[in-house]
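> could you look at this predicted model? Sequence included:
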Amino acid sequence: MIFLVLHILSVVGFLQGMRYAQVRKMNLPAVVAANYAGAALFSAAALFIWRFGAEGHSHELIRYGVLNGCLYVLHMMILLGSYRVVGVGLTTAVASMGMVIPILVAWVLWSEPISVGQWLAVALIPATMLLIRPDHGRDVRWSFKAEGVLGANFLAAGLIGTVHRAASLRGAGAAPLLYQTCLFTAAAVCSGLCLLRRGVRPKAADMRIGVFVGLLNVLATLFLLLALGVLLTIVVYPTANCVRIMLNLFIGWQVWAERIRPRQMLGVAAALAIVLLANLG
């Protein structure tokens, strides 16, 4: 469970670092690209120091890493498009609902057990994510485009979580580091090409905050893989996502002076119920 706690703290730090960059009106695509580049370097350095145990499934880990690195950048592009079409709040909620996909895949493909209480937790996820979503939205005009970006958002988030789960099953030792190195290298290349295509030149401030959140990204991913190595998918993803959202909501209230809506308080209660059901199952 300590790996899960460390993952949650790392991902909250990463998200708050990105929020800081947003508030300071930095170039977010440049920050994201620097984050991936820094994460690739940190992961490669750690892999070089601790290489034991990565050989057994190296080809699979490399394929999984490259696949998820490309999915990371693709999902970022989908998120940005979804922000413009349906707003931040609904986009964030649907991305969080994507955790249902790796849970179901683990149940079907890897025969992970799910109790009645845990199934109830899964059933609560969609409504809870809608209730607790950030209060940054817009009037949604439902159309094929809106439904398309939300569906792509849901699938991309779910696929990323599923590939993480698959990689976590491919050995211990330095295996997570090999997977992460390939993941962040692929993401750095893809995001760097996007910057070149748009003619964006990162500034020093973008690079500094990007490298800092890149380190947090490495830790968040590493601790997630380690948590998946010792806990069931039905425990890891609902716990991590719900606690992370609640912490970010609290930080937004205390640090960024964001108002907490009554529906969000109801969402917090539902999120706590999900965490309890997932862990007590």
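Good, I have the coordinates.
> from here on, just use CA atoms for contacts and neighbour counts.
Will do.
> okay, now the unreliable bits of this protein?
Along the chain, the parts satisfying pLDDT under 70 run over 51-57, 136-142, 172-173, 281.
> which residues in the chain form helices?
2-23, 28-49, 58-86, 88-97, 100-109, 116-132, 144-168, 175-198, 204-230, 233-254, 262-280 (DSSP state H).
> okay if I get these as CSV plus mean neighbour count?
Conversion of these to CSV gives the following (neighbours: other C-alpha atoms under 10 Å):
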stretch, mean neighbour count
helix 2-23, 19
helix 28-49, 22
helix 58-86, 20
helix 88-97, 22
helix 100-109, 18
helix 116-132, 19
helix 144-168, 20
helix 175-198, 22
helix 204-230, 21
helix 233-254, 20
helix 262-280, 19
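> identify the residues contacting Ser168.
Listed by C-alpha atoms under 8 Å, 6 or more residues apart in numbering, the contact set of Ser168 reads 176, 225-226, 228-229.
> mind running it again at 10 Å?
Ser168 makes contact with 61, 162, 175-176, 179, 222, 224-230 under the criterion C-alpha atoms under 10 Å, 6 or more residues apart in numbering.
> same question, Leu104
Leu104 neighbours (C-alpha under 10 Å, 6+ apart): 110-112, 114, 122, 162, 233-234.
> and the contacts of Ser168 as CSV, adding distance to Met26?
Shown next, in CSV, are the contacts of Ser168 (distance: C-alpha to C-alpha, whole Å):
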residue, distance to Met26
Leu61, 34
Thr162, 32
Ala175, 34
Pro176, 31
Tyr179, 30
Leu222, 27
Leu224, 28
Leu225, 30
Leu226, 33
Ala227, 33
Leu228, 34
Gly229, 36
Val230, 38
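> closest to Gln118 out of the residues you listed?
Closest to Gln118 out of the contacts of Ser168 is Leu228 (16.6 Å), distances taken as C-alpha to C-alpha.
> surely that closest one meets Arg170?
No: between Leu228 and Arg170 there is no contact under C-alpha atoms under 10 Å: 11.2 Å.
> so what's the closest residue to Met265 other than its chain neighbours up against?
Once flanking residues are discounted, Met265 sits nearest to Ile132: 7.3 Å by C-alpha to C-alpha, 6 or more residues apart in numbering. Neighbour list for Ile132: 89, 92-93, 242, 245-246, 249, 260-271 [criterion: C-alpha under 10 Å, 6+ apart].
> and Phe154, by the same measure?
Applying C-alpha under 10 Å, 6+ apart, the residues near Phe154 are 75, 78, 91-101, 148.
> JSON lines for those residues, including distance to Val85?
Formatted as JSON lines, these follow (distance: C-alpha to C-alpha, whole Å):
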{"residue": "His75", "distance to Val85": "15"}
{"residue": "Ile78", "distance to Val85": "10"}
{"residue": "Thr91", "distance to Val85": "9"}
{"residue": "Thr92", "distance to Val85": "13"}
{"residue": "Ala93", "distance to Val85": "14"}
{"residue": "Val94", "distance to Val85": "13"}
{"residue": "Ala95", "distance to Val85": "15"}
{"residue": "Ser96", "distance to Val85": "18"}
{"residue": "Met97", "distance to Val85": "18"}
{"residue": "Gly98", "distance to Val85": "19"}
{"residue": "Met99", "distance to Val85": "22"}
{"residue": "Val100", "distance to Val85": "23"}
{"residue": "Ile101", "distance to Val85": "24"}
{"residue": "Gly148", "distance to Val85": "10"}
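> that older thread, show me which pair in the contacts of Leu104 is furthest apart.
Greatest spacing in the contacts of Leu104, by C-alpha to C-alpha: Trp110 and Val122 (17.6 Å).
> picking up where we left off before, ok, the contacts of Phe154 vs Met18, which is closest?
Out of those, the member with the shortest distance to Met18 (by C-alpha to C-alpha) is Thr92, at 14.6 Å.
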